[in-house]
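[1] Just a sequence and a predicted model for now, questions to come.
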Amino acid sequence: MAAEFVCRMLRMGRLPFLAGGFLLFCMGALAAVERGASPDPVAFWTGYTAFGLVHLSVSYSNEYFDRISDRAGLRTLISGGSGMLVRHPELAPAALKLALVLNALAVTLAASLAVAGIVSPLFTGMVGLGAVLGWWYSAPPLRLVGRGLGEVSTAVTLGALIPATGYLVLADRFDPALIPFLVPLLCYGMIFILSVELPDMEGDRLSGKRTFVVRYGRKASGWTIAGCAIAASLFYALYPWERGGFCILAALSLLIVGTAGAGVLLPGESRRGLVCRATANLASLNAFVLLGDLFLLAGIAS
């Protein structure tokens, strides 16, 4: 029974979703090294562990607070949660406790690293902000996803908070030059959350969530996804980067423009078609961040 409990809790954590956050954290850290920071493996791995605990906590808090609404929707590989609490509601108290414990461990570790001088004191605040945004995304009374603010909180977390924290753990400070680096990533954070919401419009509406897709529909959401993708690519192409090689990121960003554009030009209104559109967007986002990390790494090595 204990092994079965552990397996179910691990499945609830949806561990593969941590990969995207890790790649974004790496992108920020690599940007710091590219600008002259020392590649400190201790600061990097302990820093990521703290923020990774926050990221993992979100899976459990979302599962807990969405356990009723998840019954109204259909689970897919990218949306609707793990479905574990729908099938095993007796695990709900454990999910809530684990979400709280993970956040507490994350903040404690972050504070310990700051006291030990391994990372900047600002790091504790960044981890705390991530914990707050992740918790209030689905938790009452704020429940940002029910107030039309879920997309903003997600875009800020993915597009700014995670890569900026990766930058901070190695640079030990924030650099104004980091701001333009984050602008396209904010667009990609918005693409991520809108894509995840696409297949769940009906279930989210029934459960009272005020997502962008629920309020404005799938057509407007598809155009917004495409607009964000185009805006990010234009930014990469037109911004006067100090390092000319950043035009490679503009070329890589066309991967996302392609999948986002296909979603508008070849709209699939069947559930299978919607899931395919959303999955393609997420795959292109992950591919871009991975290739972007490799681009930064190659520049550092050269």
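    The structure has been received and is ready for your questions.

[2] neighbouring contacts of stretch 27-34?
    Residues outside stretch 27-34 that contact it (Cβ atoms under 8 Å, 6 or more residues apart in numbering) are 39, 44, 162-171, 178, 181, 185, 243, 289, 292-293, 296-297, 299-300. All C-beta spots, glycine's among them, are computed from the backbone N, C-alpha and C.

[3] if we go to 10 Å?
    37-40, 43-44, 47-48, 160-173, 175, 177-178, 181-182, 185, 243, 288-290, 292-297, 299-300 (Cβ atoms under 10 Å, 6 or more residues apart in numbering).

[4] Any of those residues buried? List them.
    Neighbour-count burial (16 or more other Cβ atoms under 10 Å) is assigned, among the contacts of stretch 27-34, to 37, 40, 43-44, 47-48, 160-172, 178, 181-182, 185, 288-290, 292-293, 295-296.

[5] Give me the distance between the closest residue to T124 other than its chain neighbours and V213.
    Once flanking residues are discounted, T124 sits nearest to A110: 4.4 Å by Cβ to Cβ, 6 or more residues apart in numbering. Distance of A110 to V213, computed by Cβ to Cβ, to the nearest Å: 34 Å.

[6] of the two, who's got more company?
    A110 (29 against 25; other Cβ atoms under 10 Å).

[7] Verify the stated contact: the more buried one with A43.
    No - A110 lies out of contact with A43 (Cβ atoms under 10 Å); the separation is 11.8 Å.

[8] shared neighbours, those two?
    119, 123, 169.

[9] which ones are touching the last one?
    When contacts are counted by Cβ under 10 Å, 6+ apart, V169 touches 25, 28-29, 32, 37, 40, 42-48, 50-51, 110, 113, 118-120, 123, 126.

[10] can you check the first one too?
    If a contact means Cβ under 10 Å, 6+ apart, then V119 has 40, 42-44, 46-47, 50, 110, 112-113, 126-127, 165, 168-170, 172 as its contacts.

[11] tell me the pLDDT at it?
    V119 carries a pLDDT value of 96.

[12] cool, and the last one?
    In this model, V169 is scored at 97, pLDDT.

[13] Please put the alpha-carbon coordinates of the one helix or strand it maps to into PDB.
    Assessed by DSSP states H and E, V169 sits inside helix 162-171. Provided in PDB are the C-alpha atoms of helix 162-171 (Å, rounded to 0.1, in the frame of the first residue of the first chain):
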ATOM      1  CA  ILE A 162      12.100  31.700 -13.400                       C
ATOM      2  CA  PRO A 163      14.800  32.900 -15.900                       C
ATOM      3  CA  ALA A 164      15.500  36.000 -13.800                       C
ATOM      4  CA  THR A 165      16.000  33.800 -10.800                       C
ATOM      5  CA  GLY A 166      18.400  31.600 -12.800                       C
ATOM      6  CA  TYR A 167      20.300  34.800 -13.700                       C
ATOM      7  CA  LEU A 168      20.400  36.000 -10.100                       C
ATOM      8  CA  VAL A 169      21.900  32.800  -8.600                       C
ATOM      9  CA  LEU A 170      25.100  33.300 -10.700                       C
ATOM     10  CA  ALA A 171      25.200  37.000 -11.300                       C
END
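
[14] how far does that helix sit from the chain's center?
    With Cα atoms, centre = their mean, to the nearest Å as the basis, helix 162-171 stands 15 Å off its chain's centre.

[15] How about stretch 283-302?
    With Cα atoms, centre = their mean, you get 17 Å for stretch 283-302.

[16] again, but for stretch 214-226
    19 Å.

[17] Ends of stretch 7-20, what's the gap?
    22 Å (Cα to Cα, to the nearest Å).

[18] Which parts of that stretch count as buried, going by neighbours?
    8-9, 12-14, 18, 20.

[19] any idea which of the residues you listed is the one closest to F65?
    Nearest to F65 among those is M12, at 13.1 Å by Cβ to Cβ.

[20] nearest spatial neighbour of that closest one, skipping sequence neighbours?
    Nearest to M12 is M84, by Cβ to Cβ, 6+ apart, at 4.4 Å.
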